[in-house]
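Chemist: Model the structure of this input:
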Amino acid sequence: MNAGRTGAVPPSRPDMNARVEDPAQQVRRLQRCISDLISLLALPAVWSGNEPSQIVDMVLDALLRMLTLEFVYARFTDPVTAEPRKILRVADSCTLPVPQQDVATMLGNWVERNGVHSLPPTGRQFGAEYISIVPVPLGIHGETGTIVVGSERADFPSQTESLLLRVAANQASIGMREAGLRREQKRIADELDRRVAERTAELAAANAELRRSEERWRSVFENSAVGVALTDLNGRFIATNLVYQNMLGYSDEELQQLTFLDITHEENVEENRSLIAELLAGQRRQFQIEKQYRRKDGQPVWVRNNVSVVPGTERVPRFLMAISEDVTHPKISEEALARARSELAKVASITSLGVLTAAIAHEVNQPLSGIITNASTCLRMLSSNPPNTDGALETMRRALRDGNRVSDVITRLRTLYSKKEPSLEAMDLNEATREVAALSLSELQGRGVTLRYELAEELPPITGDRIQLQQVILNLLRNGADAMGLTDDRVRELVIRTERDGENQVRLSVKDSGVGLTPQVAEKIFEPFYTTKADGMGIGLSISRSIVEAHQGHLWATANDGPGATFSFAIPCTFEDLSDAEADVDQSEPASDAA
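Modeler: Predicted coordinates:
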């Protein structure tokens, strides 16, 4: 059945400016709006843990009931399955002479043809009925989808109805985003569990092989018929077998206080040193030398030494008969360390998902709490005798303002926490700092921390990855707050300062009034896996330094003259080699863990 033509001329509408609404009707309308608004804000408590399609179902049913609509239609992308979804709800009292499937098809084609960014309110003629049609985007720019509502009222929607539509769309967007986040968090956790299990099995097999290798080495070392000595890079003895000890008349403990040059005859020292230098330089794989040793009793003894590099482990000495550097184990250890750091960085990202969820909930709840407060105030004004309608209208305007704040908060959070490839661009460090501080302010205030700005004017722009540098700033702010967590005898104040540093650098510093830094801690605080916190992983400052160094800058910490410490980083305004810097930045992961 043909649903009618788009843009049909609507019935004549009353002059809205000329109509004077009866105060009692105005009170009842506002009371109903407030009640509906509170119901919408309570929906997340009902749909907690539900799938995105169930969340949209609840929102559509609520709108159909609250606004007395003829129909409500949603077209969106499921954030969990990434599949397109379409849902149509038609009121039981709807008498349109058109099948529901035709209505859904017409609305879907209309949205697809025009695009969500260019959809204005419109109307359609369904038989003798003229229906006002209003689209509402899901998400900041409709990236999640669109809700379309239809009402037989020619003056639909009113200001309060527009507010309810926007709040409902925001609630649905947040709910779907959280559902997708929960699913992604579970997927990452499952993947991490699988990788940890695989890595554990690999390490167990490697350890078993290592034990077998050590047992074979110990058997050869202890039962050899010739003298065997192991030394470090400086020639100092690490271990000797009994044959070697008997040959020189020293005990193993006595030899460990000497180097092989200490017992080498003066005539052979220079030749021996030259051959070892060639061995270490890679000019030889091994060498043989006949030389004289001096026994403990002073008597000389001629020996033929065969010296070669032997692969070792952390517990097995690195050199045989002179000097034997372990070139295998350090490489294996370095690769294992890199894998461990990568896995720990992923653990920090999963933990940051929880921090992100809490930040979204906290930042969005603030304006929503304002809406509820204004709604309660409005009810009191309307319940007074006579009703304070002017005050109630002003209060509802503030509620509208807070509703718009919800969208602003979500936009800022999406910008800071979006997962993108590193992107080098010219940026204002002061602006990036203010964005991070705005998102952290509520958390800092909740911990009793005051944030003071000392941002330099006319700071030159820098070239860098905005998101990664903001992650460094966020980590420094949280570290400072953590350092003041146990101080109750002074004001907990964080000072964030920007300034020029030389001709082509800018500097950012975060100064706290916390427990401060000892010289020993200051030397180690940027090392991977070093932490002074019981629940820390020790990778936050290490990753932050990697990000700053990838921007050709440096990150350091100093103790204050008074209480606390100052963490600073300085980076150049322009890169000398953008391609190398971008490759280095790509190795970093977001991390919120303090040292």
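Chemist: Could you confirm residue 557 falls within a helix?
Modeler: No. Using DSSP: H, G, I helix; E, B strand; the rest coil, the secondary structure at residue 557 is strand, not a helix.
Chemist: how about low-confidence regions in the stretch 51-200 of the chain?
Modeler: 115-119 (pLDDT under 70).
Chemist: Now do the strands in it.
Modeler: All strands of the stretch 51-200 of the chain, identified by DSSP state E, counting those that start in this stretch, fall at 71-77, 84-90, 122-126, 129-138, 145-151.
Chemist: Distance-wise, check residue 556 relative to residue 424.
Modeler: 23 Å (CB to CB, to the nearest Å). Placement of C-beta: from N, CA and C, glycine included.
Chemist: Look at residue 578 and report its pLDDT.
Modeler: The model reports residue 578 with a pLDDT of 39.
Chemist: next one: residue 293
Modeler: Reported pLDDT for residue 293: 82.
Chemist: again, but for residue 448
Modeler: 87.
Chemist: wait, is it part of a helix?
Modeler: No. Counting by three-state DSSP, residue 448 is not part of a helix but coil.
Chemist: which residues does it contact?
Modeler: residue 492 (CB atoms under 8 Å, 6 or more residues apart in numbering).
Chemist: Can you point out the helix or strand that includes residue 212?
Modeler: helix 159-223 (DSSP states H and E).
Chemist: Distance from that helix to the middle of the chain?
Modeler: Put simply, helix 159-223 sits 14 Å off its chain's centre (CA atoms, centre = their mean, to the nearest Å).
Chemist: which helices and strands sit right next to that helix?
Modeler: Secondary-structure packing of helix 159-223 (3 or more CB pairs under 8 Å, 6 or more residues apart in numbering; DSSP states H and E): helix 23-41, helix 43-47, helix 52-66, strand 129-138, strand 145-151, helix 329-383, helix 389-417.
Chemist: what's the least confident stretch among those?
Modeler: Among the helices and strands packed on helix 159-223, helix 329-383 carries the lowest mean pLDDT (a mean of 61).
Chemist: Outline the domain layout of this structure.
Modeler: 229-320, 420-585 (automatic domain parsing).
Chemist: Which among those domains is found nearest to residue 169?
Modeler: Nearest to residue 169 among these is domain 420-585; the distance by CB to CB comes to 22.9 Å.
Chemist: one step back: I'd like the strands of the stretch 51-200 of the chain as JSON lines, with mean neighbour count and distance to residue 493 appended.
Modeler: Listed next are these as JSON lines, based on neighbours: other CB atoms under 10 Å; distance: least, CB to CB, whole Å:
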{"stretch": "strand 71-77", "mean neighbour count": "23", "distance to residue 493": "45"}
{"stretch": "strand 84-90", "mean neighbour count": "16", "distance to residue 493": "50"}
{"stretch": "strand 122-126", "mean neighbour count": "20", "distance to residue 493": "55"}
{"stretch": "strand 129-138", "mean neighbour count": "22", "distance to residue 493": "42"}
{"stretch": "strand 145-151", "mean neighbour count": "24", "distance to residue 493": "45"}
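Chemist: Of all the ones you listed, which one comes closest to residue 487?
Modeler: The nearest among the strands of the stretch 51-200 of the chain, by CB to CB, is strand 129-138 at 45.5 Å.
Chemist: Paired strands for the closest one, with orientation please.
Modeler: Here strand 129-138 has these sheet partners by DSSP bridges: strand 122-126 (antiparallel), strand 145-151 (antiparallel).
Chemist: Make JSON lines from those strands and add distance to residue 512 to it.
Modeler: Converted to JSON lines, those look like this (distance: least, CB to CB, whole Å):
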{"stretch": "strand 122-126", "distance to residue 512": "57"}
{"stretch": "strand 145-151", "distance to residue 512": "44"}
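Chemist: out of those, nearest to residue 304?
Modeler: Going by CB to CB, the one of the strands paired with strand 129-138 nearest residue 304 is strand 145-151, 83.1 Å.
Chemist: I am assuming residue 484 contacts residue 511, so please confirm or correct that.
Modeler: No. Using CB atoms under 8 Å, residue 484 makes no contact with residue 511, being 11.0 Å away.
Chemist: okay, and the common contacts of the two?
Modeler: Joint contacts of residue 484 and residue 511 (CB under 8 Å, 6+ apart) are 494, 564.
Chemist: how close does the residue nearest to residue 33 when sequence neighbours are not counted get to residue 302?
Modeler: With sequence-adjacent residues excluded and distances taken as CB to CB, 6 or more residues apart in numbering, residue 33 is closest to residue 160, at 4.1 Å. Going from residue 160 to residue 302 by CB to CB gives 105 Å.
Chemist: Repeat that for residue 478.
Modeler: 67 Å.
Chemist: okay, the strands of the stretch 51-200 of the chain in TSV with distance to residue 552 next?
Modeler: Shown next, in TSV, are the strands of the stretch 51-200 of the chain (distance: least, CB to CB, whole Å):
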stretch	distance to residue 552
strand 71-77	40
strand 84-90	45
strand 122-126	55
strand 129-138	41
strand 145-151	43
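Chemist: if we compare those, which one ends up closest to residue 51?
Modeler: Of the strands of the stretch 51-200 of the chain, nearest to residue 51 by CB to CB is strand 84-90, at 10.3 Å.
Chemist: other SSEs contacting the closest one?
Modeler: helix 52-66, strand 71-77, helix 100-114.
Chemist: Would you mind saying which of those lies nearest residue 384?
Modeler: helix 52-66 (25.5 Å).
Chemist: That closest one packs against which elements?
Modeler: Partner elements for helix 52-66 (3+ CB pairs under 8 Å, 6+ apart): helix 23-41, helix 43-47, strand 71-77, strand 84-90, strand 145-151, helix 159-223.
Chemist: so can I have JSON lines of those showing distance to residue 251?
Modeler: Listed next are the helices and strands packed on helix 52-66 as JSON lines, based on distance: least, CB to CB, whole Å:
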{"stretch": "helix 23-41", "distance to residue 251": "82"}
{"stretch": "helix 43-47", "distance to residue 251": "76"}
{"stretch": "strand 71-77", "distance to residue 251": "77"}
{"stretch": "strand 84-90", "distance to residue 251": "81"}
{"stretch": "strand 145-151", "distance to residue 251": "81"}
{"stretch": "helix 159-223", "distance to residue 251": "15"}
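Chemist: For residue 473, which of these is the nearest?
Modeler: helix 159-223 (23.5 Å).
Chemist: The helix or strand following that closest one pairs with which strands?
Modeler: Downstream of helix 159-223, the first helix or strand assigned by DSSP H and E is strand 229-231. Using DSSP bridges, the strands paired with strand 229-231 are strand 237-240 (antiparallel).
Chemist: Report the distance from the partner strand to the chain centre.
Modeler: So, by CA atoms, centre = their mean, the centroid of strand 237-240 is 49 Å from its chain's centroid.
Chemist: contacting residues around that strand?
Modeler: The contact list for strand 237-240, computed with CB under 8 Å, 6+ apart, reads 221, 227-232, 252, 255-256, 258-260, 317-319.
Chemist: Give me the average confidence score over that strand.
Modeler: 81.
Chemist: Next: stretch 274-284.
Modeler: Mean predicted confidence for stretch 274-284 is 79.
Chemist: Extract the CA atoms of that stretch and return them as CSV.
Modeler: Provided in CSV are the C-alpha atoms of stretch 274-284 (Å, rounded to 0.1, in the frame of the first residue of the first chain):
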residue,chain,number,x,y,z
SER,A,274,95.4,-9.5,22.9
LEU,A,275,93.8,-12.9,22.0
ILE,A,276,90.9,-12.3,24.4
ALA,A,277,90.3,-8.8,22.8
GLU,A,278,90.1,-10.5,19.4
LEU,A,279,87.7,-13.1,20.8
LEU,A,280,85.4,-10.4,22.2
ALA,A,281,85.6,-8.3,19.0
GLY,A,282,84.3,-11.3,17.0
GLN,A,283,87.6,-11.8,15.1
ARG,A,284,87.9,-15.3,16.5
